[in-house]
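Engineer: here is a sequence with its predicted model. Questions after.
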Amino acid sequence: MRDAAPTTIYLKDYTPFGFTVDDVHLTFDLSPNATRVTSRITFSPNPDAADHTFFLHGEELKLIRASIDGQPVLPNVTDKGLTCDVPNAPFVWEAEVEVDPAGNTALEGLYMSNGMYCTQCEAEGFRKITYYPDRPDVMSTFTVRINGTEKVMLSNGNPTDQGDGFAEWHDPWPKPAYLFALVAGDLINHPDRFTTKSGKDVELNIWVRPGDEGKCAFGMEALKKSMTWDEDVYGREYDLDVFNIVAVDDFNMGAMENKGLNIFNSSCVLASPETSTDDNFERIEAIIAHEYFHNWTGNRITCRDWFQLCLKEGLTVFRDAQFTADMRSEPVKRIRDVIDLRGRQFPEDNGPLSHPVRPESFVEINNFYTATVYEKGAELIGMLKTLVGDEAYAKALDLYFDRHDGDAATIEDWLQVFADATGRDLSQFKRWYSQAGTPRVAVSEDYSEGIYTLTLKQSTPATPGQDTKQPQVIPVAVGLLGPNGDEVAETRILELTEAEQSFTFDGLAAKPTPSILRGFSAPVILEHDTSSAQRAFLLSHDTDPFNRWDAGRSLARETLLTMITDGAAPSGAYLDGVQAVLRDDTLDPAYRALMLGLPGQSELAAALHDGGTTPDPQAIWSATETLRQAQAQHMQDLLPRLHGEAQVSAPYLPDADQSGRRALGSAALSLITRLDGGALAAAEYAKADNMTLQLSALGCLIRAGKGEAELQAFYDQWKDDRLVIDKWFGLQVSLADPEHTATVAQTLTQHADFNWKNPNRFRAVFGALAMNHAGFHHASGTAYELLAEWLIQLDPVNPQTTARMCSAFQTWRRYDEGCQTLIGAQLDRIAATPQLSRDVTEMITRIRG
Ligand code: ARG
Ligand code: ZN
């Protein structure tokens, strides 16, 4: 875990492993502090490799014995692995090691969560289970025997035998070690079945701790929908007799796509109307789909090396977004994804942690499971699809599955498939994978004699290690509206390939209003100096639902920025425009709820910084509060009607329709609370019979400085439900007044239920602290100090979760000298901690710059 001098790994240094693995047999003798793992592996010299050094990864293992072809050997063991002299012909390697699952708090490798054994091997956790070439390009079939007393003992593939004290599994599909999984515990299943389109019967199970069996039905439905969807849309069938999902309470990430045995953070699979919000349901449905879709994009076709992570993650995020759009509302899903991209990926891409979608080097790969690799990676797939068209995309994907099934592939392979299927030269497109940073696209217009000219100019600011950028291929979807609001030119994809380029539209009777970057056709920042009248015009007339929403969003951004910098009053154009949209009952309530949203405070800070102004978090917070108050007053008469939308008389369903209505009703309730001081919210809290309404009412009360009694009642009601108590912790911090945010967080860390070693609980408090912009960046610096103190405490226990939370500091260079000095001191303090993990060392080094 700790390195004197952490080494940097480079993409350019890739070489194949010197051996192929033909077959892996593993035997586990389970015991909490001393599990024995015996491996029997057949290796053959790899004719494609130049170097035949026999090196097996292995960390934190106690080697008991090793042999080659039955003869005992004494390998040369270090804290990274072992080397050994081996024959120049196929041979059988056997090793027995001992590991300590109960003592494994890092939650990587084999560990225990609430008395159950489980594993997390991606990216490099298998080397903590046994000695092995732990790299994704080494693929093999696995046979696993588990000896133990647990009621349920699972591994990958199909069950082959089980009896008193043992279970055996065989996975016929060759896979890399990162997809290995083992689970053993006293679990209960929620069973179901699925028949694939070719008629294969598959057994499905969701395994949970006793007591959670009532929270599996929704996840199971989501799984079956995902299986059907992948057959219908991508022609991909499931390929084993069983598909198991297990819920685990202690988990560093959301979920993991282990072959035939997906392991989930319990927060990403367990759901019930009483304990989960509509947003939780939507997220669970998406994550179940994501992990299931990995069976083809990730497992059947995997990555050659970890630099290719976006090959599986970008594509699988893109696929799960398509799925959610199909299950729910396409524009609503798109808007939510863009809010997320701007909120998480843009700050990363425009700060010290900026890295290409396919990074070229890393110290700790766990630090590269980022919004850039995942979400920008998915945007790249979307752009490719836009550029080649839907039909060609489908053809290219068929070719990809045909050509690369069973492979450990690269981005070059992926792009070659598109080149071959479409005849297109994708060499310029490839820059999207290697150039970091968010491109800016500046727009200028000209109109004369019926011809409208749009000039687009692209540039990308320098990012760490990349001073100059080449022009990228940017698909810009554009439509034109005439003076009366009619569409005079339908959406057309402009391919911006040069630094500057003009596009003309002719036959126009009058100067049109352009609707640019429809559907957010590329992950760029549009710079278009246009009047608020033009934005308001788009807000009322644009036929593209995304751009219509974005027109409202840019009006909001603009008014907030002038409120902050010039002390201006809230813009009437914005308030009137949004009110008109909200009055339109023909529009989807979910869409109208999004219209009420405001740009995040961190996003405003970025916009100020971009424009050359040092952001003041307190001023940003005040302006946001003022605009909220103005919205409430402006829409006073409309709010009760909007709130009424949430009164669903039918039984609760977490579907798009009902959840959209509740989202609108809740947004209205929060504005009403600004007018009535919380009277309606208190009444709503008292009668809420689902978590969505209960939590939104509680949030309104907290924001109004009320709700102490309700907070206590909420705790008493839910104290035995860990996932609900996570919400209880998080809500108090995320909604705390900036003056008190750090104190609220600090007090919560003293609470008896603050199990800081549980990643969900730690993130509930500190994720919320980092997200409370004005509270986190309070001039006193107490929030910085509190976070640093806890990061230092968590690092020796769980470096991966600690390292992820370090990104709270990534935007520090935006703020004034006072903030920078305070954050700088905390970064120095963390960096100076003895024995700091490789994970956190890398993060802090990059953030400090
Ligand atoms: N492959 C998993 C997913 O995208 C995430 C695993 C992340 N693991 C990690 N150690 N960072 O669903
Ligand atoms: Zn994934």
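Structural biologist: That came in fine, so what should we check first? Nothing here was measured: the structure is a model prediction, and the numbers come from that model. Ligands and ions are numbered 1, 2, ... in the order given.
Engineer: so Asn265 makes contact with Asn760?
Structural biologist: Yes. With contact defined as CB atoms under 8 Å, Asn265 reaches Asn760; the gap is 6.9 Å. For the C-beta atoms, the positions are set from N, CA and C on the backbone; glycine is no exception.
Engineer: any regions of the stretch 301-450 of the chain where pLDDT drops low?
Structural biologist: Along the stretch 301-450 of the chain, no part satisfies pLDDT under 70.
Engineer: around ligand 1, pick out the residues from the stretch 101-250 of the chain.
Structural biologist: Neighbours of ligand 1 within the stretch 101-250 of the chain, by CB under 6 Å from any ligand atom: 122-123.
Engineer: what about the residue of the stretch 101-250 of the chain found nearest ligand 2, neighbour count?
Structural biologist: At 8.9 Å from ligand 2, Glu122 is the closest residue in the stretch 101-250 of the chain, using CB to the ion. Other residues near Glu122 come to 25 when the count uses other CB atoms under 10 Å.
Engineer: chain neighbours aside, what residue packs nearest to it?
Structural biologist: Distance criterion CB to CB, 6 or more residues apart in numbering; nearest residue to Glu122, sequence neighbours excluded, is Tyr178 at 4.2 Å.
Engineer: which ones are touching the one you found?
Structural biologist: 121-126, 134, 136 (CB atoms under 8 Å, 6 or more residues apart in numbering).
Engineer: next one: Phe776
Structural biologist: 617, 741, 769-770, 783-784, 787, 808.
Engineer: from those, which two are the most distant?
Structural biologist: Longest distance between any two of the contacts of Phe776 is 15.2 Å, between Pro617 and Leu787; criterion CB to CB.
Engineer: so Gln658 makes contact with Tyr652?
Structural biologist: Yes. With contact defined as CB under 8 Å, Gln658 and Tyr652 form a contacting pair (7.1 Å).
Engineer: helices along the stretch 551-700 of the chain, start to end?
Structural biologist: Using DSSP state H, counting those that start in this stretch, the helices of the stretch 551-700 of the chain run over 572-583, 589-595, 601-610, 617-634, 639-644, 656-676, 679-687, 691-703.
Engineer: list the buried residues of the third one.
Structural biologist: Taking 16 or more other CB atoms under 10 Å as the neighbour-count basis, helix 601-610 is seen to contain the buried residues 601-609.
Engineer: make CSV out of those residues and add pLDDT and distance to ligand 1.
Structural biologist: As requested, those are arranged in CSV below (pLDDT from 0 to 100; distance: CB to the nearest ligand atom, whole Å):
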residue, pLDDT, distance to ligand 1
Gln601, 98, 28
Ser602, 98, 24
Glu603, 98, 25
Leu604, 98, 30
Ala605, 98, 28
Ala606, 98, 26
Ala607, 98, 30
Leu608, 98, 33
His609, 97, 29
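Engineer: quick one: contacts for the nearest residue to Ala123 once chain neighbours are set aside?
Structural biologist: Spatial nearest neighbour of Ala123, excluding adjacent residues (CB to CB, 6+ apart): Ile365 at 4.5 Å. When contacts are counted by CB under 8 Å, 6+ apart, Ile365 touches 9, 123-124, 306, 309.
Engineer: sorry, back to before: give me phi/psi at the residue nearest to Glu122?
Structural biologist: phi -70, psi -20 (degrees, to the nearest 10).
Engineer: I'd guessed Leu61 sits against Lys128; true?
Structural biologist: Yes. Leu61 is within contact range of Lys128, at 7.1 Å (criterion: CB under 8 Å).
Engineer: more neighbours: these two, which one.
Structural biologist: Lys128 (26 against 23).
Engineer: nearest spatial neighbour of the more buried one, skipping sequence neighbours?
Structural biologist: The nearest residue in space to Lys128 (CB to CB, 6+ apart) is Gly109, at 2.9 Å.
Engineer: mind checking the SS state of the closest residue to ligand 1 within the stretch 51-200 of the chain?
Structural biologist: Going by CB to the nearest ligand atom, ligand 1 is nearest to Glu122 of the stretch 51-200 of the chain, at 4.5 Å. When classified by DSSP: H, G, I helix; E, B strand; the rest coil, Glu122 comes out as coil.
Engineer: how much space separates the residue in the stretch 251-400 of the chain positioned nearest to ligand 1 from Gly254?
Structural biologist: Residue nearest to ligand 1 within the stretch 251-400 of the chain (CB to the nearest ligand atom): Tyr369, separated by 3.8 Å. Remark: distance between Tyr369 and Gly254 (CB to CB, to the nearest Å) = 10 Å.
Engineer: tell me who's in contact with Asn189.
Structural biologist: Neighbours of Asn189 in contact, by CB under 8 Å, 6+ apart: 152, 205-208.
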